[in-house]
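J.: make a model of this:
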Amino acid sequence: MRSLFAIALAATTLIPLSIPLPPAPALDWRPCARQSPAECATVAVPVDWHRPDGPKMSLAVARRAATDPDARIGVLLFNPGGPGSSPAQDLRDQDYYENFSPDIRKRFDIVGFDQRGTGEAYAVTCDGDLLGQQPPTVPADAGQYAKLLAYNEKLTDNCRRLSGPVFDQADTMTAARDMDAVRAALGVPTVSFLGTSYGTLLGQQYAELFPHRIRTFVLDSNMDHSLDGWGFLRSQTVAGEDAFQFFLQWCDKSSTCALHGQDVGRIFQSLYDKAVAGTLTDPMHEGEKVAPDDLSNAAYYADYEPNFLYLAEWLKALDTGRPPRTAPSEPTGPGGWGAPTFHPDEAIFCADWQLTVSGFDQLTGWRAELARVASHIRRSTVAWGSLVNCLGAGIAVRNPQHALRVADAPPILLVAARHDPHTPYDWTVAVHRRISRSVLLTYDGSAHGNYGPDNPCVTAAVDHYLLSLAAPADGTRCPDIGPDAG
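T.: Numbers count the residues shown, from 1 in each chain. Here you go, the predicted model:
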């Protein structure tokens, strides 16, 4: 994930509620393309909500109607995260629709809308060739740091030119106003919502602006939009190290771990030292060199899924020089180089976060401190990329961090995994403290995003709340069900 901000600040407060919503004509539902079982439509919203009578843009919306119309409860909106996911496109995909349980599909119209800057229309796009020219994100000296900032500014200029005015109107608070325009166009007074990861920020900010429009809200794996740059980096790095320690504990007690009975922490350290020296190779890719960040990323994403079995086998392969039983998945690239490439990350993320760095010396000091608090993964490469890719980019922070303010909302269900490497458990605890009447449901395992068929305890609790309005008792816990076999 690329994303965050640096030195071009045009801070704004919450968009006033006095700004009127646009008219909400009935949606013209038509069959989606590609033989999808979903229906598709568009909703017109202002490009700039501070000028509601100004130019408009269309947001793609997709719907899977309740399978039992007689038992229909209402509308369930969802956002699976990002920044930069495309919920309308996700809903056209039958596989994603299956993530919702049969009872939810039976009783809700499930609706996804493409957050501005994403999807097929009004998407943030950048030149693919330029995206492939990024300098090192861990600058070795002040000169490389200056080159990184210059590149970020050049990329922003390119993306802004290719994307048009949506590039500078893509923050999440603005998207929350779009979400209410979608609700109005659907013709319902209240909505239910399931937001995951970065989608929780959309849900949190909708709850700030429109608490009276909430029926039931589930925020799974929460962002904490009150952290400064150092707090963001440190907390996500600590969470990544905690998740890796959880993996080590599993490997120590589980005979299914390929490194069971060995000192896995020592093996990882030895591999990391070889990667730093440039002598570590991957037996699955004809001796291709493995960089230190490759190890950190592998540990991070294995905890993210989680897929502990694969991580253990891959580390064993690196240590022994023999291929694992399970081949690693090939990475997917960002698109065809040289062509306009979908890339909304910075346009959204950098507009949401004011994360300033005074210069190369401070960044280097932060890196050293992160390595001290996370002796294995060294730093969260995701959080680091989020920060450095916004430094000097020249993207105005339209939606800066603030203490969450939600008043008069019905009970909101907050879900978190105790060992989530991406959205630390403490982030959801902080959000829980700031939303009165909210309910915390904890999964005692390692995962990012907990709702779905792979986690029956969490899913049953969420479904019961969505269907009946009855949230579980605050502080309810679901037991760890172990790693995904992959």
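
J.: shaky segments in the stretch 301-450 of the chain?
T.: 324-340 (pLDDT under 70).

J.: and for R183, the neighbour number?
T.: By the criterion of other CB atoms under 10 Å, R183 has 24 neighbours. C-beta here means a position set from N, CA and C on the backbone, and glycine is covered the same way.

J.: what kind of secondary structure is it in?
T.: Recorded secondary structure, R183: helix (DSSP: H, G, I helix; E, B strand; the rest coil).

J.: contacts only, for it.
T.: 75, 77, 190-191, 213 (CB atoms under 8 Å, 6 or more residues apart in numbering).

J.: apply 10 Å and report the result again.
T.: R183 is in contact with 21, 24, 43, 75, 77, 111, 113, 189-191, 193, 206, 210, 213, counting by CB atoms under 10 Å, 6 or more residues apart in numbering.

J.: and if you look at Q205?
T.: 14-15, 171-177, 179, 225, 352, 399, 402, 404, 406.

J.: tell me the secondary structure for it?
T.: helix.

J.: in the stretch 201-350 of the chain, which spans are helices?
T.: Applying DSSP state H, counting those that start in this stretch to the stretch 201-350 of the chain gives helices spanning 229-253, 264-277, 292-304, 308-320, 345-352.

J.: how about the nearest residue to V61, chain neighbours excluded?
T.: Counting by CB to CB, 6 or more residues apart in numbering, V61 lies nearest to F113, which is 4.6 Å off, once chain neighbours are set aside.

J.: that neighbour against P87, yeah?
T.: Yes: counting by CB atoms under 10 Å, F113 touches P87, with 6.1 Å between them.

J.: what touches both of these two?
T.: 60-62, 77-79, 119.

J.: about what we covered before: number of nearby residues for the residue nearest to V61?
T.: Neighbours of F113 using other CB under 10 Å come to 31.

J.: and A470, its phi and psi?
T.: Dihedral pair for A470: phi -90, psi 110, per degrees, to the nearest 10.

J.: give the contact list for F308.
T.: When contacts are taken as CB under 10 Å, 6+ apart, F308 is in contact with 246-248, 250-251, 254, 256-258, 302, 446, 482-486.

J.: let's see that with 6 Å instead.
T.: Residues counted as contacts of F308 (CB atoms under 6 Å, 6 or more residues apart in numbering) are 247, 250, 483.

J.: cool, R64 as well?
T.: R64 neighbours (CB under 6 Å, 6+ apart): 38, 97, 110.

J.: among those, which lie within helices?
T.: Counting by DSSP state H, the contacts of R64 place Y97 in helices.

J.: closest to V276 out of the contacts of R64?
T.: Nearest to V276 among the contacts of R64: Y97, at 44.6 Å, using CB to CB.

J.: low-confidence stretches in the stretch 101-250 of the chain?
T.: In the stretch 101-250 of the chain, residues with pLDDT under 70: 121.

J.: before we move on, back to that, narrow the contacts of Q205 to just the buried residues.
T.: 15, 171-177, 179, 225, 352, 399, 404, 406 (16 or more other CB atoms under 10 Å).

J.: what about those residues, which are in strands?
T.: Of these, none are assigned to strands by DSSP state E.

J.: quick one: residues contacting R72.
T.: 66, 107.

J.: distance of it relative to A185?
T.: 18 Å (CB to CB, to the nearest Å).

J.: repeat for R116
T.: Taken as CB to CB, the span from R116 to A185 is 15 Å.

J.: and those two? Which one has more around it.
T.: R116 (27 against 23).

J.: so P52 touches A44, yeah?
T.: No: contact criterion CB atoms under 6 Å: P52 and A44 do not qualify, at 11.2 Å.

J.: and which of the buried ones among the contacts of Q205 is nearest to R433?
T.: The closest of these, once distances to R433 are taken by CB to CB, is L404, at 9.1 Å.

J.: excluding chain neighbours, what is closest to that closest one?
T.: Per CB to CB, 6+ apart, closest to L404 is R434, 4.2 Å.

J.: count the residues that sit near the one you found.
T.: R434 - counted by other CB under 10 Å - has 14 other residues nearby.

J.: what do you get for P400?
T.: 20.

J.: was I right about it contacting Q354?
T.: Yes: between P400 and Q354 there is a contact under CB under 6 Å: 4.6 Å.

J.: please report the distance of the residue nearest to L404 from Y443.
T.: Separation of R434 from Y443 (CB to CB): 21 Å.

J.: looking at the contacts of Q205, which are in helices?
T.: Using DSSP H, those in helices are 172-177, 179, 352.

J.: domain ranges for the protein?
T.: 30-123+167-227+401-478, 229-320 (automatic domain parsing).
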